[in-house]
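In: predicted structure and sequence below. I'll ask about it afterward.
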Amino acid sequence: MEYITLNNGVTMPMIGFGTWDVRGKFGKQVIMDALKVGYRLIDTAQMYDNESIVGQAIHESGIDRKTIFITTKLDRTSASYEKAKAAIEGSLQRLKTDYIDLLLIHEPYSDALGMYQALKEAYALSKVRAIGISNFDRDRYDQFIKNRGIIPMVDQVESHVYFSQLKLKDHLMRHGTIMQSWGSFTEGRRDIFNDPVLLKIATKHQKTAAQVALRYLTQQGIPVIPKTVHVERMKENFNSLDFDLDQADLGQIRRLD
Ligand code: NAP
């Protein structure tokens, strides 16, 4: 497993497992499958209504909690200091844990600053190991970090070969924030798995288009959290860190952007 170091020294896996739309008994099994395959970062959110099964799956897996990295996010129902404070306790309970590894503000809500105050307090109390934001573009990020005390450790945003946001990644990096990709496969909206450019590069490396799409991001310092309910695809996506794209590959993929 490759890790990336956040601005407070906490290490985060370069590849994690996304859980959007993964719910119920089936969902719990999917998360347990992902842990069995080797994923050690599970990405959830209050909005996904699945924190309980994430907590249950981790508990039932028998894997040492300390080796697992849990990310969750506060949504608009927690968009104030007081609400965020209470919501953090709710997440801790549902996740059956006494700390969250990474806690994000899901969107740039109007009272994101109030929410961030609650995040910072939870961080000071070691209820959270790292704090950050999601879906903040450059302007919103610049506004947000003015005199905020703690620079967000992560900004989780849409990023894939057709919309990589490499410039945003570099900008965030200059201030100490890691850009993490959601929708690395365009949320299944575009047929990325049959993209001719990715397929050609995949054949050259004896990999799949999915693996090339993920490696394009991770090789450039962008951690990923692909989601799938299929064990074979979990393995395929997980095994995307063991090869390197060369400059010619990177150049061809960049032209898709
Ligand atoms: P995604 O990971 O880009 O794509 C998931 C889609 O790709 C699913 O339809 C899945 O189908 C398919 N897939 C996955 N691996 C595949 C493979 N190897 N071959 C063929 N198809 C494959 O989309 P996402 O779930 O929206 O994003 C990933 C995670 O990011 C989410 O689960 C969530 O945790 C997070 N997220 C965060 C935000 C935010 O606002 N912060 C927004 C969206 C998502 P099957 O399941 O049928 O295999």
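Out: In hand now; what should we look at? Numbering: from 1, shown residues only.
In: and Gln180, how many neighbours?
Out: 30 (other Cβ atoms under 10 Å). For the C-beta atoms, the positions are set from N, CA and C on the backbone; glycine is no exception.
In: the particular helix or strand that has it in it and the ligand, are they touching?
Out: Using DSSP states H and E, Gln180 maps to strand 178-182. Yes - using Cβ under 6 Å from any ligand atom, strand 178-182 reaches the ligand at Trp182.
In: tell me how far the following helix or strand past that strand lies from the chain's centre.
Out: Sequence order places helix 196-205 as the next helix or strand after strand 178-182, per DSSP H and E. Offset of helix 196-205 from its chain centre (Cα atoms, centre = their mean, to the nearest Å): 26 Å.
In: helices and strands around the strand holding Gln180, which ones?
Out: In terms of contacts (3 or more Cβ pairs under 8 Å, 6 or more residues apart in numbering; DSSP states H and E), strand 178-182 is packed against strand 154-158, helix 166-175.
In: compare the ones you listed and give me the one nearest the ligand.
Out: The closest of the helices and strands packed on strand 178-182 to the ligand is strand 154-158. By Cβ to the nearest ligand atom, the value is 4.6 Å.
In: can you tell if that closest one touches the ligand?
Out: Yes - Strand 154-158 reaches the ligand (Cβ under 6 Å from any ligand atom) through Gln156.
In: ok, now stretch 76-90?
Out: No - figure legend: stretch 76-90 not in contact with the ligand (Cβ under 6 Å from any ligand atom); closest approach 11.9 Å.
In: what average pLDDT does that stretch get?
Out: In this model, stretch 76-90 has a mean pLDDT of 97.
In: name the nearest residue to Leu35, sequence neighbours excluded.
Out: Counting by Cβ to Cβ, 6 or more residues apart in numbering, Leu35 lies nearest to Ser61, which is 4.6 Å off, once chain neighbours are set aside.
In: ok, that neighbour touching Met32?
Out: Yes - at 5.6 Å, Ser61 counts as touching Met32 under the criterion of Cβ atoms under 8 Å.
In: many thanks, we can stop here.
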